[in-house]
Structures are given as C-alpha cells and as structure tokens.
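In: I need the structure of the sequence given here:
(2 chains)
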Amino acid sequence: MLVIGVLGSRALTKDWLETGFLALLPVTEQKPEIANAVQQHNELLNRKVIWLTGAASSQEAITQARQLKQQLQQSGLFKTLMLELPIQQTVNNYQQLFPYRYQLLDAETKRTLANNPKNLLSQNLETLYSPMAQILASDLEHDPLLLFSRYFNAQNPLKLNVEQGVVVLHNANRFWALLLTDLQDEHLQLDKLETLLTLVNNATAQVQAAGGELMVTGMPLFTAYGADSAKQEISTVGVGSSVGIIVLLLLTFRSLRPLLLSSLAIGSGLFAALVACVLFFGKVHIITLVFGASLIGVADDYAIHFMCDSFGAKDWQPRQGLRYIFSGLVIGLCTNLLSYIGLVFSPFPALQEVALFSAVGLLVAWLTVVLLFPLLLTGFRHTHEPIMLRVARYWQQHWPIWLLKNRRWLIPIFIVFVAGGLWQLTPRDDVRLLQSAPATLLNTANKIKQLLPVSQENQFFLVSGRDVNDWHHNEQQLLARLKLFTQQHELMAYQGISDYWVNEQNQHSNYQLLSKTLYESGLVKHYMTELGFSKQAIDIELKQFSTAKDKTISLPEWLKTADEAKQQLWLGCDERRCLSMVSLTGVRDLSIFPTLQSLQGVTWVDQVDELSSLFARYRIRVSGLIIAAYMVVFIGLGLKFGWRNSLNITAVPVVAALVALATMGWFDQLFSLFNLFALLLVLGIGVDDAIFFFMADKAKQKDEDKRVSTSLAVTVSALTTLLAFGLLAVSSTEIVHAFGFTVAVGILTALVFSPLIGYRTRDL
Amino acid sequence: MILKALFLFLLSCNLSYAADVLANITIQLVKTPITQGEFQQEKRLKILRKPLISKGSFTYSQSKGVIWKTLTPIPSLLLVNEAHLLTGQGEQAVPPAFGKVFKAMLGGDLQQLSEGFVITGEAKKSAWRLQLTPKDELLKKIISSMVLSGDTELRVLDIQEVNGNLTRISFAQITHPEQLTHQQQADFERLSP
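Out: Residues are numbered from 1 along each chain as shown, chains lettered A, B, ... in the order given. A predicted model of the protein is given here:
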C-alpha cells in the first residue's frame, strides 16, 4: 500500500485526466488532422455565449443590453464582450482590401460579368437611382463600378439590422439587442460554470424587473445545466444511498467497523486502480473512471461476505472464517477478473483501460480483504441476532421451496417474459440521448436560432489540397455543390474562405475578366460618361485599372483582415498539404452531405454521428467479450466442480443479466454501451452470490448456519449495491437512469435466484 | 471611402426638440394608415456633372413599410421596413436606422424622427418647414441636415450630405386609400417572409 501511495503521489501530480472523445477511437482510426479541426471548431463554440435582451422598442432593448454588458464585464468571466460592432476594424479592413478591388470579385459579380457584363452596369444604375444611393454607393468617386461595395457586402452574407452600432433583431412584437460574449477559457471548469449560471439567473431577474426579457444560449450554458443537474442528482442520490448503507450496516453488525473496513477495501482498490492506469497509459479517460467506479459494488462484495461470515459460527475467529470462505473468495475473484479482463482483447483504448482499472482495483480490494481483514476484524463477534439475519434465514428456507413447488407455471411465464423482453430490446447509441438539457433551454436555443440564423452546425467539411492552389480548387468544387443545396433549400448558408479570398491565379483571371468584359470594350467609359463623370475622372479610373494589373494579395495578408469566424476556418499548410474547414448553417437533412466526400480532398466531419457509431461498436464489442468471458468462467468452474454445478452457478448471473435486459425491453429503456457496464456489475455480483451459496452447501460442517450467513451476506451485499447504484434509476438523466435501472433489476434477480443453488442437492 | 463603413454604424438617439412646433405640425399633417403618391428624386452628386433624376410611385403603410417603385429611367422596386430591405438584387443589409427614418419621414411620424435628430423649424398657418440635424456623431459625418417641408402632406424632402451631395425628393398626387391594392399587398408579402 505504501508503494501504491508513493507511486500515486507521483503519477497523479501530472495532467492525468483525458476527456476528448477522439481518444476513444482505436489508434488506427485516429486522424490527427480531424482531431485538430474538431478541436478548433469546438474551441470557438465552447466559449460562445449569446445574449439577447428583448423589449418593446429597440431603444429600450439597447439600453438593457448596455446594462447587461456592464454587469457581465464586472464578473470577469468573459474574455470579450461585443455589443457595438467594431467600427474601426471595419474601416481598416475596408482600406486594406480596397486596392485589390479588381482582383477580389465576389462569386455573384463574377457570374454576372461572365454571363452578361451589361447587367452589372444596369444593377449599378438601379442602385444609384434608389433612395439609398448614399449608403450603397457612397464611394462612387473611387469605385465607379461599385466593385468593392459588392465584394464587401458579399463578405457578410447575413443581413443584420444595426442601430446605434448594435445588432437589433425584430420578431412579432419585440426588439432584441444582441450581445456576444466569449468565456475566458474553453476548458469549462465547474466553478466557472456555476458562476455563469448564477449570472444568467440574476441577469434574467434584473431584465425582467425592468420590464424586458432575456434569452441566453451557448454551449457553456448547456454544459453548466448538465453539470448542475447531474451534481444535484448525484448528491441527492449520494446522500440517500450513504444514509441507507450506513443504517443497513449498523443494523446488521451494530458496529462501525464494517463500514470503515468496506470503505478501506473499496478505497484502496479504486486508488490502486487509478494509479496503475495512469502509470500504464499515461492518462485515464473519464469514461474509465465512471465505469471503473461500478467496481465499488464488486469490491464491497468481498468485504461483506467476509464480515457476514461472522454470523456463521458461534465462536467466530477471523482467520478461521477466512479459511472457510477463502476458496469462495478465490473463485469469486477469478471469475470477476475473467469477466473484466476479457475487455483487454479489444482495439478500443477505453476498454483496455477499463479492463486494467477493474483488474487492479479488484485485486487490491481482494488483497485488502484477505490480508488485512483477519487482523482488523480481531475480536469481531456478535451477541445479537440482527433482524436481517432472521429475515435472511426465513427467506432462504422458504423461498426456494416456494419457487420449486410452483416451477410448473413459473418457468413458462419466465421464458415468455425473457423472450418477449429481449425481442423488444432495441439498442440506441445516439449520443444526443446522453445529453439531457432542460426543455426551457432548448426552447430558447431554438427561438434564438430562428431570430439569428448564425449558429453553426456541429458538423462541417474538412478540405485539403497538396498546396494552396490545389486546396483552393478543391474547396471551390465543394462550395459550388453547396451553393446548389442552398438553392434547393437544403441548407441556409455555408462559409468557406475560398469564396472570399481567391488564389493568385484566379486573382489574375478576375482582372482579365474585368478587362475583357468592361474595360477593353469601352463599356466602362460609356457608362461613366452617361452618368456624368468628367473626362478627367474617367481617365483616372482607366489609369488606376491598368496600374493594378499585377497586384495580388496573399492568403496570410487577407486573413489578417478577416473576422475571427473566418480566420478559424483556415487550418494552415505544412509540407504535405493545406487544410481548411467549411462550416454550415441551417441544415435540413444531414444525410445528403456525406456523399460530397466523393469530391477531391473533401471529408465530412460529423462528431455526433461518429461518436454514436463509436458507442455502437463499443457496445457490440463489449457484448461479445462478456459472452466469451462467461464461456471461460463456465468451463473453468466445470473443470473444477463438474459441468452440472458449473451450469447451476453460471445460471444465476446469466439469468440475472437476461432478466435485466428483458425488463429494459419491456419498459423501453435506453439500451446502449453504458448498460453493459451495469451488466458487468450484475454478472460479477451474481456469480459471487451463486458461488458462496454453492460453497456453503459444500462446506464440511453441514449446519444451516453457513447457508444462513451466506444468505445474509448475499442480501446485505445486494442491498448495498442497490443503494449505491440502483438508486440512480430515479435520475432524470437518461443514461444514469438506464445504468441504475439495469443494476437494480439485475441485482434483485440474482438475489431471487441464488438461494436455489445447492438447494436441489438436498432433495426437498 | 470611409463613408460606406461609417454608414454601417449610424445612430438614432435621444430627444430634445421644439415640442410646440412639432405638435403644431403633427396636427396639420393628415395621418392615415396608408399614404401613396408619386415622387421625383433629384440627386446632385459633386463628382457627376448632371443630376440623377428618377421618377416613380411610393406606398406607405403604417404597419407594413414602404414600397418605392422607380419607373424611369431604370425600373426597379425597393421594399423596406424596420427589419428588412429588398431590392432588385435581393435582400440587403438595412442601413442603420434607414428603414425606420425613411418610413417615419413618409408617414410623417415626427415623434419617431425626434429620437435621432435635433429638430428645429417653423410652422405657419398652411405650411411648415422642419430642419433635422443628426444627433449621432457618425451620422453627422455623412449627413449635415435634412429639410422636410409641406402642408397637410409632406411635399419636399432635401438631404444635404457633408461632402456636398444633395438629394431632393418631391412628392405629388398624394392620396390616402382605405386599402392596399392586391399588387401592393403582394409586394409587402415579400418583405415579411
């Protein structure tokens, strides 16, 4: 233990917790460039919080947004708060890009020029004669063809209403002022999230008090609510189960010692497991921790069997008791180890981790029980007969008799129940089911999405090319297809930087296009003369055009003028390739996008879908491994105790697992990878129960007491497990609920069937 | 060239005006939910040696916005309300406060206008004249003043830009129908998707 402690103090000082889901993929399937892109994509999303203050007039909405901004600023939680659009930056960008107006043409202008250049001129006239000419053509003097106005407008495809520098949105009867914020860091720390929640609640109350309305959305908020509700639930359930377990153990043993000792066994097991995993893998994935923790139930089992044995003899001595239950503990450990170790033979890193974690945890907990308990339980004797013991005695005597007597009709019912349940069992691996956001939050998010269709989808395209030109070509091919989708209303908008920055080659051809269609043909001269430009102005324009001939702007230069959202799309070049992302907004049907991967250099990245299918693959793999493990357990027990006994013993956990699965089917419960971890727990405890009953039966001293103490141990162990995990079934988080439900049903079934073991040999 | 960028950030702010003059004119103005008529717009840009003159018709609807239909020299249609602006080239960004101010001017909504402009003026028995000066710093850099004049209706609107450009819009044949025509309704329909 000392060794573990020392190793642990070293290993755990490092950054040891892994939370990214891509780490769950088999090594061969991990693509670093996708991981990078996903990270960059999420970094932006994970920090953004969108606030909208609503009021009856835009003036009130803006005033409230200003107050809100101040309040948020004071919290120190945010890196940036944007209410007024950054005007100086816009002016700068305009000036930086203006010299390249003949090279940077937007797609629409290019199309018009290629098809019918005169259309461009008449569109200009339309603009100039409209009452808005001041605004749309304010730079007519320097840009008589309004080329740059067109380009600059096309850079922001979303047309937003701006008042007093603030974006104001309008729906049925309210005006909404938009405030965009970025959290300080993208690692969403729990305490920060709590501060955020409090901030949202306070701000909502304040805005409402002022007669307005506040809508807030953003990834951090979803995470905050999720963490908050999970925390509340776990603490409610945690308090409930702790109290339950303490009361149960005190009632049974009338001593604090069992409680402390089981904590010791569990604690040392979990700690050793954690240390071993960090030492071996470098990092532990959070999923390993969550499901490795289910091991508590099994580790506790050993301790309780040992301690309950003290009721099995009048003058109980720990060493003597150990001698008696030792073989049971050994077999229990072996079978448990087998069922978990099977997970090693899987390409999925998390399962290997779970396997090592569980194996080490079980072994250390077991060693603690076997090596330390005899010492620590010295003088552990009882003069009382706990109620639990009386219940257990009565129950183990009468229950099997009743079961066996009525087996004629119980068995058909049982078979129909199990078969029917399994028939209805359908796996659901969609990760979105794991998220349980409150309905109000989802409603707000939807409302905001309708008002402000800027929120990007989680899915995006990754475009690569050998060099910048190759990448540009590939992305343009993709954007052309996406353009078609927007025309078919499959997609509201997309954003790829090749639409805004064209490569040098295309900059030249844009210039050539202008030259050929408007300048050489004399159309520009004619148009300007008609409008009333002076001869001198016309000459200046023609001269400016001819001197701009060889101008080009490089991508890095252009990126400096772009906003953050566009900069994020560019992933850079290395020796082998250049990479970019194309983001989507307002997708109707996701299934049409993966087909675009047939285009050169295009990859569709759908994290949600990928994670769902990953869970499905984990689920199938784990199922297979569990079945294989039990085959091995069956064979092992068969070789030692004979096939018939082996069948009896393995029947208990298998039946418990089947009933748990069937019940899930009947009640239409969520069935995914996570239930299987619950089943592992059920199988582990079920096989222990069966083995201890079997061993009690085999014991030389054929007195009833051993069976009674065993049934007490089985009952107490089942009840503690139920209290520790089964209570999770009341959770409103579907995944937690499913886990608890599976454990509860499985453990109860094992409890019901295990007393049958060894009973028949007595031939009643 | 900064103008364009500046226009993106116009303001329309607080109040302070000759309340009595406004009240006076407000009483004179015919106020109905629908106003329509013909316009002539004359733009004198410093860099152009001749004015840009266009003619057409307009429809103002208190609840729906404005239809601005240019007939000559280039037929075109412009639809605008507080939130949307539609031209022949599709949906455009609504320039700051443009929808609001434009609609308020055509509808004679002086209350609304006083939010963003300092209003001075004079009202005689049958005619009135108002001078609007933008309050916002940014808008001041572009528009030096707007002058509205009329009687029971708004007759002339002058916009004087800082750089010397001048726009004059004159209105005629003003009527106040009870209902929108089908065509007008269809046009407004396009504004509110």
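
In: what packs against the helix or strand harbouring residue A:723?
Out: Assigned by DSSP states H and E, residue A:723 falls within helix A:704-724. Judged by 3 or more C-beta pairs under 8 Å, 6 or more residues apart in numbering or on different chains; DSSP states H and E, helix A:704-724 is in contact with helix A:219-253, helix A:295-308, helix A:387-405, helix A:673-698, helix A:734-753. C-betas here are computed from N, CA, C, even on glycine.

In: Adding mean pLDDT as columns, could you present the ones you listed in a markdown table?
Out: As requested, the helices and strands packed on helix A:704-724 are arranged in a markdown table below (pLDDT from 0 to 100):
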| stretch | mean pLDDT |
| --- | --- |
| helix A:219-253 | 75 |
| helix A:295-308 | 78 |
| helix A:387-405 | 80 |
| helix A:673-698 | 80 |
| helix A:734-753 | 84 |
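
In: Kindly reformat the ones you listed as CSV and extend each row with distance to chain B.
Out: Below are the helices and strands packed on helix A:704-724 laid out as CSV (distance: least, C-beta to the nearest C-beta, whole Å):
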stretch, distance to chain B
helix A:219-253, 27
helix A:295-308, 57
helix A:387-405, 69
helix A:673-698, 44
helix A:734-753, 37
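
In: which residues touch residue B:60?
Out: The contact partners of residue B:60, taken as C-beta atoms under 8 Å, 6 or more residues apart in numbering or on different chains, are B:34-36, B:66, B:103, B:106-107.

In: mind redoing it with 7 Å?
Out: Residues in contact with residue B:60 (C-beta atoms under 7 Å, 6 or more residues apart in numbering or on different chains) are B:34-36, B:66, B:106-107.

In: Against the centre of chain B, work out the most remote residue.
Out: residue B:49 (25.2 Å; C-alpha atoms, centre = their mean).

In: Quickly note the distance from that residue to residue A:532.
Out: Relative to residue A:532, residue B:49 is positioned 4 Å away (criterion: C-beta to C-beta, to the nearest Å).

In: Can you tell me the SS state at residue 122?
Out: No chain was given, so I picked chain A. Following DSSP: H, G, I helix; E, B strand; the rest coil, we place residue A:122 in the helix state.

In: Let me rephrase: I mean chain B.
Out: Three-state call for residue B:122 (three-state DSSP): strand.

In: Where do the strands of the chain begin and end?
Out: Here I'm looking at chain A. For chain A, applying DSSP state E gives strands covering A:17-18, A:48-55, A:78-82, A:162-163, A:166-171, A:174-183, A:213-217, A:284-285, A:456-465, A:491-495, A:570-573, A:578-587, A:602-605.

In: wait, chain B
Out: Going by DSSP E, chain B shows strands at B:34-44, B:52-61, B:65-72, B:76-80, B:85-87, B:90-92, B:117-123, B:128-134, B:143-150, B:154-161, B:166-175.

In: where in chain B is pLDDT low?
Out: For chain B, applying pLDDT under 70 flags the ranges B:1-24, B:26-27, B:93-99, B:137-138, B:193.

In: Geometric centre of it: which residue is closest?
Out: Geometric centre of chain B, nearest residue: residue B:102, 3.2 Å, by C-alpha atoms, centre = their mean.

In: Chain B contacts on chain A?
Out: Residues of chain A lying close to chain B by C-beta under 7 Å from any C-beta of the partner chain are A:59, A:85, A:87, A:90-91, A:94-95, A:98, A:122-123, A:125-126, A:128-135, A:138-142, A:149, A:159-165, A:170, A:531-534, A:537.

In: In PyMOL, select just the buried ones from these.
Out: Remark: buried members of the residues of chain A next to chain B, expressed as a PyMOL selection using 16 or more other C-beta atoms under 10 Å in any protein chain shown:
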select buried, chain A and resi 59+85+90+91+94+98+123+125+126+128+129+130+131+132+133+134+135+138+139+140+141+149+160+161+162+163+164+165+170+531+533+537
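
In: could you pull out the helices for the stretch 251-400 of chain A?
Out: Using DSSP state H, counting those that start in this stretch, the helices of the stretch 251-400 of chain A run over A:257-281, A:286-292, A:295-308, A:318-341, A:349-367, A:373-376, A:387-405.

In: List the buried residues of the shortest one.
Out: Buried positions in helix A:373-376, judged by neighbour count with 16+ other C-beta under 10 Å: A:373-374, A:376.

In: Over to the fourth one?
Out: Buried residues in helix A:318-341, counted by 16+ other C-beta under 10 Å: A:318, A:321-322, A:324-325, A:328-329, A:331-341.

In: The longest one now?
Out: Of the residues in helix A:257-281, those scored as buried under the neighbour-count criterion (16+ other C-beta under 10 Å) are A:258-259, A:261-262, A:264-266, A:268-279, A:281.

In: as a whole number, average confidence for it?
Out: For helix A:257-281, mean pLDDT rounds to 84.

In: what's that helix packed up against?
Out: helix A:2-11, helix A:219-253, strand A:284-285, helix A:295-308, helix A:349-367 (3 or more C-beta pairs under 7 Å, 6 or more residues apart in numbering or on different chains; DSSP states H and E).

In: Roughly how far does the residue farthest from the centre of chain B sit from residue A:609?
Out: Residue B:49 is 63 Å from residue A:609, by C-beta to C-beta.

In: repeat for residue A:178
Out: Computed as C-beta to C-beta, the residue A:178 to residue A:609 distance reads 31 Å.

In: neighbour count winner among these two?
Out: The neighbour comparison of residue A:178 against residue A:609 (other C-beta atoms under 10 Å in any protein chain shown) goes to residue A:178, with 24 against 17.

In: any idea how far that one lies from residue A:532?
Out: On the measure of C-beta to C-beta, residue A:178 and residue A:532 end up 41 Å apart.

In: got it, and residue A:75?
Out: From residue A:75 across to residue A:532, the span is 57 Å (C-beta to C-beta).

In: Residue A:82 too?
Out: For residue A:82 relative to residue A:532 (C-beta to C-beta), the value is 42 Å.

In: Next: residue A:45.
Out: Residue A:45 is 51 Å from residue A:532, by C-beta to C-beta.

In: Contact partners for residue A:745?
Out: For residue A:745, the contacting residues are A:659-660, A:663, by C-beta under 7 Å, 6+ apart.

In: brain fart, residue A:510
Out: Counted by C-beta under 7 Å, 6+ apart, residue A:510 has contacts A:103, A:105, A:110, A:502.

In: Which of the helices and strands packed on helix A:257-281 has the highest mean neighbour count?
Out: helix A:295-308 (a mean of 27; mean count of other C-beta atoms under 10 Å in any protein chain shown).

In: hey, C-alpha coordinates of that one in CSV?
Out: Listed next in CSV are the C-alpha coordinates belonging to helix A:295-308 (Å, rounded to 0.1, in the frame of the first residue of the first chain):
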residue,chain,number,x,y,z
LEU,A,295,-16.4,-1.9,-9.4
ILE,A,296,-17.2,-0.5,-5.9
GLY,A,297,-20.1,-2.9,-5.8
VAL,A,298,-18.0,-5.9,-6.5
ALA,A,299,-15.2,-4.9,-4.2
ASP,A,300,-17.7,-4.3,-1.4
ASP,A,301,-19.0,-7.8,-2.0
TYR,A,302,-15.8,-9.4,-0.8
ALA,A,303,-15.7,-7.4,2.4
ILE,A,304,-19.4,-8.1,3.2
HIS,A,305,-19.0,-11.9,2.6
PHE,A,306,-16.2,-11.9,5.0
MET,A,307,-17.9,-10.0,7.6
CYS,A,308,-21.2,-11.7,7.3
